[in-house]
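> Output the structure for:
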Amino acid sequence: MDAEVEVSNGGHIRYHTLSAYPQIGGWRVAIQVEAVDAGQTLNLRCRLRAGPQPISETWVYAWKS
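Okay, here's the model as predicted:
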């Protein structure tokens with residue numbers, strides 16, 4: 001299992017981790033991104049995959065640096 005993470009132009013992913021979240025029988029993704037310009041809004045997208053096959057919905061979030 002892996003987390004597929006994307007960030008819009010003007011930013012980059014510093015790191016991301018995927019870990020089991022046994023309290024709910026699910027998974028947790030932590031993402032750290034960095035924007036090129038302060039105050040910029042970045043669009044983040046994430047979904048879980050088992051190999052090439054998506055196994056979750058796509059999570060979308062607008063983050064302002």
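
> residues contacting Trp27?
Residues near Trp27 by Cβ atoms under 8 Å, 6 or more residues apart in numbering: 1, 18-21, 48. To be clear about C-beta, it is placed using only N, CA and C from the backbone, and glycine gets the same treatment.

> tell me the phi and psi of it?
phi -130, psi 160 (degrees, to the nearest 10).

> Quick check: beta-bridge partners of it?
Ala20 (DSSP bridges).

> now swap in the one 4 residues further on and tell me
Applying DSSP bridges to Ile31 gives these bridge partners: His16.

> of the contacts of Trp27, buried ones?
18, 48 (16 or more other Cβ atoms under 10 Å).

> could I get the contacts of Trp27 as TSV with pLDDT and distance to Val33?
Formatted as TSV, the contacts of Trp27 follow (pLDDT from 0 to 100; distance: Cβ to Cβ, whole Å):
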residue	pLDDT	distance to Val33
Met1	92	21
Leu18	97	16
Ser19	97	18
Ala20	96	23
Tyr21	94	21
Leu48	97	18
